[in-house]
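Q: got a predicted structure here, sequence first:
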Amino acid sequence: MRAFFKQSAGLLMLASSMIAAPAMALGETLSLAHFVAPAHVVTASVVEPLSEGVEADSNGDLTIQVYPGGELGAGPMEQYVRAVQGVADITWGLSGYTSSQFPKSMIVEMPGAIPEGMTGYDMLWNAFDEHLADEFPGTRPLALWVSEPSIFIMRDREIRSPEDLQGLRIRVSGSVPGALVEAFGATPVQMPAGEMYNALQTGLIEGIVTGASAVNDFKLDEVANSYTVGAPLGHIMFYLVMNEERYEGLSEEHRAILDEHTGRGLSQKGEEGWNASAERTLRALRDNPDNTVIDLTEEEIATFTEIADPLREKLIEEMGAEDVLTAMTGN
């Protein structure tokens, strides 16, 4: 009986010491979903820096499980909704796929909107708190950035002027490049990036407006053979967002770690990663004698600019968003 009481007392002391001990942050695993292959530029530029950073700083208590290739839902246009609904804690997507949700944010996509010496990610974060936050309901943006400048990616057609585009069907990623392509005299066809290859191969479209990095990411060099560089075609905007309730439900320690590895810093990694990928891709395209890479002259660029600049001004005026652009540029 005495042994029993000794054992009971020992258990009580152990329980008391556990209650009195400082609360330890419990391990957390966040799910991150996207719709492209693991080899896509988003992995090395954004996903890996984020996941490796938070895991290292939390000593493994905060980890990120990645679900690529649409494993948590194949439709790329539903990426934002998946974060809001908690299908995934974090999702990556293109604002242009749901253009009506991001009209002010997508000013950064417009041709000529990013001044020389500025970055797209800085413009987005400069205006975020005052002008853009209401376009991201139910989520906390972890990164906002833009692609490299878009180019024309064509099959058996060379584009040197707007006249060369008359009547052609050109794939675009959203409403902004759609309006631009239409102003040039072509017919915009909006479709997810994963459908570009087959559409160009089968003749559903004659060309594509997107960044050069997409040539490598989606193997477009297998079905395209002409590339026009230098036209004012704008950029593509990307977001990485997290379910707001999930973020608020993290421990203070884990939120601090996540904050340290997101925001402008992660956005910069994304933008620089896209630009670096585009440079590598363009070098490879130029080195292939089967390709025609057209670098427009200043005079040729001017023929596109004469159409693109008034369109940008018109779109911003129609939205009454001059103040948003001012906040973005700091002017």
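A: Arrived safely.
Q: are we agreed that T228 is in a strand?
A: Yes. Secondary structure assignment places T228 in a strand (DSSP: H, G, I helix; E, B strand; the rest coil).
Q: which helix or which strand is home to the closest residue to it other than its chain neighbours?
A: In this structure, T228 finds its nearest non-sequential neighbour in F152, 3.9 Å apart by C-beta to C-beta, 6 or more residues apart in numbering. C-beta here means a position set from N, CA and C on the backbone, and glycine is covered the same way. Assessed by DSSP states H and E, F152 sits inside strand 150-154.
Q: so what does that strand touch, helix or strand wise?
A: strand 207-211, strand 226-229 (3 or more C-beta pairs under 8 Å, 6 or more residues apart in numbering; DSSP states H and E).
Q: and the ones you listed as JSON lines, adding mean neighbour count?
A: Converted to JSON lines, the helices and strands packed on strand 150-154 look like this (neighbours: other C-beta atoms under 10 Å):
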{"stretch": "strand 207-211", "mean neighbour count": "26"}
{"stretch": "strand 226-229", "mean neighbour count": "22"}
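Q: out of those strands, nearest to M328?
A: Counting by C-beta to C-beta, M328 lies closest to strand 207-211 out of these; the figure is 20.0 Å.
Q: still on that earlier bit, what's the neighbour count on the residue nearest to T228?
A: For F152, the neighbour count with other C-beta atoms under 10 Å is 29.
Q: I figured it hits I159, correct?
A: Yes. With contact defined as C-beta atoms under 8 Å, F152 reaches I159; the gap is 4.6 Å.
Q: tell me the mean pLDDT for the longest helix seen in the chain?
A: Scanning the chain for the helix with the most residues, using DSSP state H, yields helix 264-287. Regarding helix 264-287, the rounded mean pLDDT is 98.
Q: sorry, back to before: the residue nearest to T228 bridge partners, please.
A: Per DSSP bridges, the residues bridged to F152 are V209, T228.
Q: how near is it to F184?
A: Using C-beta to C-beta, to the nearest Å, F152 is found at 10 Å from F184.
Q: distance from the strand holding F152 to the middle of the chain?
A: Mean-position distance between strand 150-154 and its chain equals 18 Å (C-alpha atoms, centre = their mean, to the nearest Å).
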